[in-house]
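# A predicted structure for the sequence below; I have some questions about it.
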Amino acid sequence: MDYRSEAPAVLRDFLSYHETIKGHSRATVDEYFLDLRNFFRYLKIERGLVPRSTELDEISIKDIDLDFIASVTLNDVYDYMAFLSRDKVKNERSREPEHGLLASSRARKIATIRSFYKYLTIKTKQLDVNPVEGLDTPKTTKTLPRYLTLEESRRLLDAVDGVNRERDYCIICLFLNCGLRISEIVGLNVGDVREDSLRVLGKGSKERIVYLNEACQAAVEAYKPVRAQMVGSAEKAFFVSNRRQRMGRESVHAMVKKTILKAGLDPSKYSSHKLRHTAATLMIQNGVDVRTVQEVLGHEHLNTTQIYTHVDNSELRVAAQANPLAEYIPEHNDASDK
């Protein structure tokens, strides 16, 4: 998939702006493209521009022009959201595929559409009126992040084995101790790995330094000679596959899932990203200041990090015990129950 060859000019310019000027990752820009492509494919079906029996994946959007884009209404977007909510959509993730997408996924698509039209009206002024101004976002359920306990984290580390044990152990160790994103793991180059720190390229191409504790340093040092036997000095990637090239996200996801299973944990509940949640939660639980955790994780906004303070907030436990009724347990009167 390459938006540069598949997208119409007006959409291509928007995506290029986000990739080159805003510094968004290729993966993020690809998500924007998929969101907008599916939206315009849906509109072409609803407006009778292609037979209704046509599969979404078969519809080209190269003929979408500014007049078509300007003709979009709020109702078009809400109808599309209803379609995503009620109907099974191919190639989309959903816990219950037969019931469409979760509200959080629909909210992300709304954000993409809103950003696209804001770009056309405010940034490039190609449109005089924003047809989706006032677009509401689907209400989402706020849930606390799922994470491994300290004991479960140790079980996961102990479960790593196989021919790539040193590499896989190092990856999981960095997830659990440093809270790296999977894109940051696979994006690490040899030159990014220092004696006691990593230079990490995070979201929006923002660099940060992540310091390594003793466990991570030991894992890195154990992996280095193994890696040296697998690839030559010309390969920049730090984590390499059996094909002697940079590991991809799917390979890391598969390895983590396999190790979670071997540790006796539920892979439907835990994933690579849940290991990042685990790192953040364990830091908060052990007294690390939330602003420091924000810097470690590379969060742009503090409120993103603050959700981890609600997972196991010791102050809330103290507050519960501080109530004067906390120790009042009346004697059970058997007679009164008869």
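Sure, I can see it. Since this is a predicted model, take the numbers as computed values, not measurements. Residues are numbered from 1 along each chain as shown.

# When you work out contacts or count neighbours from here on, use the C-alpha atoms and nothing else.
Will do.

# what about this structure, any weak spots by pLDDT?
Residues of the chain meeting the criterion pLDDT under 70: 1, 87-101, 138, 140-142, 310-317, 332-338.

# so what are the domain limits for it?
Following automatic domain parsing, the chain resolves into domains at 3-123, 150-318.

# Reformat these as TSV; add distance to Asp136.
What follows is those, written out as TSV (distance: least, Cα to Cα, whole Å):
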stretch	distance to Asp136
domain 3-123	8
domain 150-318	21
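
# Figure out which of those is closest to Lys139.
Closest approach to Lys139 among the domains of the chain is made by domain 3-123 (6.7 Å; Cα to Cα).

# one step back: rebuild the domains of the chain as JSON lines, extending it with distance to Pro330 and mean neighbour count.
Conversion of these to JSON lines gives the following (distance: least, Cα to Cα, whole Å; neighbours: other Cα atoms under 10 Å):
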{"stretch": "domain 3-123", "distance to Pro330": "45", "mean neighbour count": "16"}
{"stretch": "domain 150-318", "distance to Pro330": "22", "mean neighbour count": "17"}
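
# And the residue nearest the centre of this protein?
His273 (6.9 Å; Cα atoms, centre = their mean).

# which residue packs closest to Asp192, ignoring adjacent ones?
Arg199 (4.8 Å; Cα to Cα, 6 or more residues apart in numbering).

# Pull up the gap between the one you found and Gln285, please.
Distance, Arg199 to Gln285, by Cα to Cα, to the nearest Å: 26 Å.

# quick one, helices of the stretch 151-300 of the chain?
For the stretch 151-300 of the chain, the helices defined by DSSP state H, counting those that start in this stretch cover 165-178, 182-186, 214-230, 249-262, 272-285, 290-297.

# I'd like the next helix or strand past the last one.
Going back to what we said before, that points to helix 290-297. Going down the chain from helix 290-297, the next helix or strand is helix 302-306, by DSSP states H and E.

# Pairing partners for the residue nearest to Asp192 in the sheet, please.
Residues in a beta bridge with Arg199, per DSSP bridges, are Ile209.

# Please look at Tyr32 and Phe14 and confirm they touch.
No: the pair Tyr32 / Phe14 is not scored as a contact, 9.5 Å apart, by Cα atoms under 8 Å.

# quick revisit: my read: the residue nearest to Asp192 touches Ile209, true?
Yes: counting by Cα under 8 Å, Arg199 does reach Ile209; the two are 4.8 Å apart.

# need the contact list for the nearest residue to Ala219 once chain neighbours are set aside.
Excluding the flanking residues, the one nearest Ala219 by Cα to Cα, 6+ apart is Cys170, at 4.9 Å. Cys170 makes contact with 216, 219-220, 223, according to Cα atoms under 8 Å, 6 or more residues apart in numbering.

# Excluding chain neighbours, what is closest to Leu135?
Leu74 (6.7 Å).

# give me phi/psi at the one you found?
Dihedral angles of Leu74 (phi, psi; degrees, to the nearest 10) stand at phi -60, psi -40.

# That one and Tyr119, how far apart?
Distance from Leu74 to Tyr119, counting by Cα to Cα: 17 Å.

# got it, and Tyr147?
As judged by Cα to Cα, Tyr147 and Tyr119 stand 37 Å apart.

# try Glu207
Counting by Cα to Cα, the gap from Glu207 to Tyr119 is 26 Å.

# Over to Arg26?
For Arg26, the distance to Tyr119 - Cα to Cα - is 19 Å.

# just Lys125 next, same as before
8 Å.

# And Ala27, by the same measure?
Counting by Cα to Cα, the separation of Ala27 from Tyr119 is 20 Å.

# cool, His273 as well?
Distance of His273 to Tyr119, given as Cα to Cα: 31 Å.

# thinking in terms of the whole chain, how far from its middle is the longest helix along the chain?
If you go by DSSP state H, the chain has its longest helix at helix 26-46. Put simply, helix 26-46 sits 18 Å off its chain's centre (Cα atoms, centre = their mean, to the nearest Å).
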